[in-house]
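Undergrad: I would like the atomic coordinates for the input below:
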Amino acid sequence: MYGAIKTNLQKELKEIEKAGLYKKERIITSSQDVVIKVSTGKEVINFCANNYLGLSNNKEVIQARKETIYYRND
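TA: Predicted structure coming up:
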């Protein structure tokens, strides 16, 4: 059963790629910030929704996360 579905999905993905509509994700190799480094070594501007407030490197947020993890493990 999976074989037929897999074949159809592979065909559809090839058509999407051929149409230029397939988006390959970049692998982020640095911490989330306004400018990030990706696996190719390039630096790019970060428009990721998961950091749109710029909180991923906020010292208070990091400390709160550490405290939460610490207290959960007690």
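Undergrad: Give me the neighbour count for R26.
TA: Residues lying near R26 (other C-beta atoms under 10 Å) number 13. For every residue, glycine as well, the C-beta is placed using N, CA and C.
Undergrad: pretty sure it belongs to a helix, no?
TA: No - counting by DSSP: H, G, I helix; E, B strand; the rest coil, R26 is not part of a helix but coil.
Undergrad: dump the residue contacts of it.
TA: For R26, the contact set (C-beta atoms under 8 Å, 6 or more residues apart in numbering) comprises V38, S39, T40, V44.
Undergrad: Determine which two of those residues are furthest apart.
TA: Farthest apart among the contacts of R26 by C-beta to C-beta are S39 and V44. That separation is 11.2 Å.
Undergrad: Those two: which has the busier surroundings?
TA: Neighbour totals were compared for S39 and V44, and V44 leads with 12 against 9 (other C-beta under 10 Å).
Undergrad: Residues touching the lowest-mean-pLDDT helix or strand in the chain, excluding its own?
TA: Counting by mean pLDDT, DSSP states H and E, the weakest-scoring helix or strand in the chain turns out to be helix 59-72, with a mean of 84. Contact with helix 59-72 is made by L55, as judged by C-beta under 8 Å, 6+ apart.
Undergrad: okay, that helix in PDB with CA atoms only?
TA: Extracted C-alpha coordinates of helix 59-72, given in PDB (Å, rounded to 0.1, in the frame of the first residue of the first chain):
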ATOM      1  CA  LYS A  59      19.800  36.900  28.400                       C
ATOM      2  CA  GLU A  60      16.700  37.000  30.600                       C
ATOM      3  CA  VAL A  61      14.900  34.500  28.400                       C
ATOM      4  CA  ILE A  62      17.900  32.200  28.400                       C
ATOM      5  CA  GLN A  63      18.200  32.400  32.200                       C
ATOM      6  CA  ALA A  64      14.500  31.700  32.600                       C
ATOM      7  CA  ARG A  65      14.800  28.700  30.300                       C
ATOM      8  CA  LYS A  66      17.700  27.400  32.300                       C
ATOM      9  CA  GLU A  67      15.800  27.800  35.600                       C
ATOM     10  CA  THR A  68      12.800  26.100  34.200                       C
ATOM     11  CA  ILE A  69      14.800  23.100  33.000                       C
ATOM     12  CA  TYR A  70      16.600  22.900  36.400                       C
ATOM     13  CA  TYR A  71      13.400  23.000  38.400                       C
ATOM     14  CA  ARG A  72      11.700  20.400  36.200                       C
END
